[in-house]
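Asks: Pasting the sequence and the predicted model now:
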Amino acid sequence: MPKNHSLTTRILTPLVIAAAFAAIVVAWTSWTLGRRWALEEMTDRYRWIESSITQSTFPLTPAVLKSLSQLTGTQWITVDPSGAIASSTLPLAPTTQLPETRTGRSAIRTSPGERDPAPADVVLDSTEFYAFTFDRRNAAAGDGRSSSVVVLFAKQNVNAVARRAATLPLLTGLSTIAVVSALMFFLTSRLIGRLKRLETQVDRIAGGEFESELSDTGHDEVGRLAGAISTMAGQLSELWDRVNRQQSAKLLHQISGGMAHQLRNTLTGAKMAIELHQGNLNSEPPEEVRVALRQLEIAEQYVSRLLALGRGEPSTEQPQCVGECLEDVRSTHQPIANHLRVDLTWSIDPGLQSRWVKDGSSFSAAVSNLVLNAMQAGTSVKVDALIDPTGQCLLSVADNGPGIDDSVSGSLFDPFVTCKPEGLGLGLPLVKRTAELLGGSVRWHRESGTTTFELTVTVSQENPQHD
C-alpha cells in the first residue's frame, strides 16, 4: 500500500532542500572569496613591510621588534647568517631552528621583489603561521648579526576573516529558509484545508449525499473546482430524483396492472348485485344506494385507467362539462362528509356550467382525491371553483387540519410519498399527472392554520369533440 505523503511535505521538502543547498553554496563561495581576499590583503601588508624595513637603517632590537609587532599585528623573527634566531617576538628558545632547504637557506625565504611571494606554512609555539622572509641588506652596524627577517601572519586571523565573510550569507540564507518555510507552511495549510473540504464533499457525493455544503468563494483554481463540484452535486441530485421518479412510475405501472385485474371483477360483481337487488324491489333506489352505485362507477373508471396504464395504453378522453363534473363530485361526497361529521361547503362559479374539460373522468377523479384528503385531514372543508383571469378553471380545496408533515412537504407529489399510515402515496401523484394532462398544474400552501390545494386545468367554451 503506498505511503500517505502530506501535500505540505511534498511542497516544503524540495523547497527547504533547494534553499539549504543554495545557502551552503553561497556560504562556501563567500568563505573562499573571503579567504582569498584575506590572503591578498596579507600579501599587500607584507610587501609594505618588506619595502619599509628593507630601506630602513635602524637596528631591529627586541624593543623595536615588539613595537613593529604591535603596529602590524604580526610576529617578527630575526635570523643571523648561520640560520640561528637572533631575536623574536615569540617566546622561542635561541636554539630553535627553522626548516632549511637543500642549499642550507631557510625554507621560508622569498626572493626580493618577488611579485607574488608565496608564504610558507610553519608551526611555532603550537601556533600555525604564514611566514615571509626577506634579507635586510642595509642593516646598520648596531644590528648585530642580523641578516634576515621573518614576518609571521597567524593563520587563525586569515581564517577568521574567511569565516566572517561566510557567516553573514549563511545566517541570511538560514533565516530566509525559516521565514519562507513558515510562510509556505501557513499557505499550504490553508490550501490543504480547502482541499480536505473538497475531499469530504466528494466522499459524501460518492455516498449518495448530494446536498452541497461548500462555501469556498475563492477565485483561484481551488475555488473554481469547488464551484464545479457544487454544480456536479446539483446535477447528480436532479439525475437521482429523475431516476427515482422513473423507477416509481415503472413500479406504479406494475402495481396498477396487477391491482386492476382483481379490482375490476370485484367492483363489477358488487355493482351488479346492488342493481339486481333494486330490480327485485321494483322501487326507486334511495339516496344512499344511488351514492353507492355512483362510487362504484367511479371506482370502475379508476380501475379501467389503472389497467390501461399498466398495459401502457393511452386512456380514451371523454370531454365533459366542468359544472357537471363538480356537481357529480359534490353529490357523491356529501354523504361521506355527513358520515365523517365534516363541514363541507362548495362555491362553484356559474360560468363553469358552460365550460368543458377534455377528460371529465380524470378531472372528477382529481377533484375527488383532493376533497377526500381534505375531509380526512380536517373538520371543515371549503371548495371554491372559478374561472381565473387567464381563462382556466381554478379549483381550491382548503381544510383546517394539522397540515403537511415537513418530512414529505418537498416531495408530496412524488409516487409512494405519504404521511398516512394506511396510505400508498398514489393519490396526489395521479392528481399532478391529471393536471399536466389537462394543461394545468397543482400546488399547495399553508397559511393561518389552513392548508389549501389549488388545481388549475384548461377549459374551453365548446365541447372539444365538436371541434
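Replies: Perfect, thanks for sending it. Residues are numbered from 1 along each chain as shown.

Asks: Quick check: the closest residue to residue 348 other than its chain neighbours vs residue 322, distance?
Replies: Distances taken as C-beta to C-beta, 6 or more residues apart in numbering put residue 385 closest to residue 348, at 4.8 Å, once the chain neighbours are dropped. Bear in mind the C-beta positions are built from the backbone N, C-alpha and C, glycine included. Residue 385 sits 8 Å away from residue 322, going by C-beta to C-beta, to the nearest Å.

Asks: helix or strand for the nearest residue to residue 184 once chain neighbours are set aside, which one?
Replies: Using C-beta to C-beta, 6+ apart and skipping the chain neighbours, the partner closest in space to residue 184 is residue 12 (5.8 Å). Using DSSP states H and E, residue 12 sits within helix 7-55.

Asks: which helices and strands sit right next to that helix?
Replies: Using 3 or more C-beta pairs under 8 Å, 6 or more residues apart in numbering; DSSP states H and E, the elements in contact with helix 7-55 are helix 62-72, strand 127-135, strand 148-154, helix 155-206.

Asks: Make TSV out of the ones you listed and add distance to residue 367, mean pLDDT and mean neighbour count.
Replies: Shown next, in TSV, are the helices and strands packed on helix 7-55 (distance: least, C-beta to C-beta, whole Å; pLDDT from 0 to 100; neighbours: other C-beta atoms under 10 Å):
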stretch	distance to residue 367	mean pLDDT	mean neighbour count
helix 62-72	120	88	14
strand 127-135	114	87	21
strand 148-154	114	88	22
helix 155-206	42	80	15
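
Asks: Quickly find the element holding residue 384.
Replies: In the assignment (DSSP H and E), residue 384 maps to strand 380-387.

Asks: in its sheet, what does the helix or strand just after that strand sit against?
Replies: Counting by DSSP H and E, the next helix or strand C-terminal to strand 380-387 is strand 393-399. Strand 393-399 has the following sheet partners, assigned by DSSP bridges: strand 380-387 (antiparallel), strand 450-457 (antiparallel).

Asks: Please export the C-alpha coordinates of strand 393-399 as CSV.
Replies: What follows is strand 393-399, C-alpha atoms only, in CSV (Å, rounded to 0.1, in the frame of the first residue of the first chain):
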residue,chain,number,x,y,z
CYS,A,393,-60.6,26.7,-14.2
LEU,A,394,-59.1,27.3,-10.7
LEU,A,395,-60.3,24.9,-8.0
SER,A,396,-59.1,25.4,-4.4
VAL,A,397,-59.7,22.9,-1.6
ALA,A,398,-59.0,24.3,1.9
ASP,A,399,-59.1,22.4,5.2
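
Asks: Following it in sequence, what is the next regular element?
Replies: Once strand 393-399 ends, the next helix or strand along the chain (criterion: DSSP H and E) is helix 427-437.

Asks: Output the contacting helices and strands for that following helix.
Replies: Using 3+ C-beta pairs under 8 Å, 6+ apart as the test, helix 427-437 ends up in contact with helix 360-377, strand 441-447, strand 450-457.

Asks: Go ahead and name everything in contact with the shortest one.
Replies: Think strand 441-447. Contact partners of strand 441-447, identified using C-beta atoms under 8 Å, 6 or more residues apart in numbering, comprise 366, 403-404, 412-413, 428, 431-432, 435, 451-456.

Asks: cutoff 6 Å now
Replies: For strand 441-447, contacts defined as C-beta atoms under 6 Å, 6 or more residues apart in numbering pick out 403, 431-432, 435, 452-456.

Asks: go on, the longest one?
Replies: The contact list for helix 360-377, computed with C-beta under 6 Å, 6+ apart, reads 301, 318, 320, 325, 329, 333, 337, 340, 342, 357, 381, 397, 399, 401, 427, 431, 434, 453.

Asks: in the protein, which helix or strand is least confident?
Replies: helix 287-311 (a mean of 63; mean pLDDT, DSSP states H and E).

Asks: Past that helix, which element shows up next along the chain?
Replies: strand 320-321.

Asks: So which elements touch the following helix or strand past that next one?
Replies: Per DSSP H and E, the first helix or strand lying C-terminal to strand 320-321 is helix 322-340. Judged by 3 or more C-beta pairs under 6 Å, 6 or more residues apart in numbering; DSSP states H and E, the packing partners of helix 322-340 are helix 287-311, strand 343-348, helix 360-377.

Asks: tell me the domain ranges of this protein?
Replies: As assigned by automatic domain parsing, the chain contains the domains 7-165, 209-250, 318-466.

Asks: Quick one: closest of those to residue 177.
Replies: domain 7-165 (4.5 Å; C-beta to C-beta).

Asks: for residue 8, what are its contacts?
Replies: Contacts of residue 8 by C-beta under 6 Å, 6+ apart are residue 188.

Asks: okay, it: pLDDT?
Replies: Residue 8 is assigned a pLDDT of 72 by the prediction.
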